[in-house]
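Trainee: please work out how this folds:
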Amino acid sequence: MTDAPFPNRIDRIEEILLGVAERQAATQQQLNELANNVDRVLSRSAILDDVLLELRDSHEQHQRNFEEHQRNFEEHQRNFEEHQRTTNAALQSLESILLQLIRNNAT
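Mentor: Next up is the predicted model:
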């Protein structure tokens, strides 16, 4: 009877070791999947970082272009207003000359 418990203990230890090995294999599989997920997330993050940098650079360029167009528009508006003033002044001068000519012909 002294031999019977010993093989049972070995069988039990082997059974426990098999269970540990199975859990370790499952854990390794989960760890591999997690590592793959982390790699994918980091790759996507790097791509998104590049996209964000491009968007920022593009936005800054568009902002500079907008400011340049705004300055050009304001300059054109000032030029238009100046031309409008000179045109109005010329029309007033022509009107005065025309009225003078009409008066001179009426007399």
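Trainee: do a quick rundown of the helices in this structure.
Mentor: With DSSP state H, the ranges of helices along the chain come out as 5-106.
Trainee: which residues of it score low on pLDDT?
Mentor: 1-5 (pLDDT under 70).
Trainee: Ala46 and Asn65, how far apart?
Mentor: 29 Å (Cβ to Cβ, to the nearest Å). All C-beta atoms are positioned from the backbone trio N, CA, C, and that covers glycine.
Trainee: correction: Asn72
Mentor: Separation of Asn72 from Asn65 (Cβ to Cβ): 10 Å.
Trainee: now swap in Glu82 and tell me
Mentor: 26 Å.
Trainee: same check, this time on Glu22
Mentor: In terms of Cβ to Cβ, Glu22 sits 64 Å off from Asn65.
Trainee: from the centroid of this structure, which residue is nearest?
Mentor: The structure's the chain has its C-alpha centroid closest to Leu55; by Cα atoms, centre = their mean the separation is 3.8 Å.
Trainee: for it, give its distance to Glu67.
Mentor: According to Cβ to Cβ, Leu55 stands 18 Å off from Glu67.
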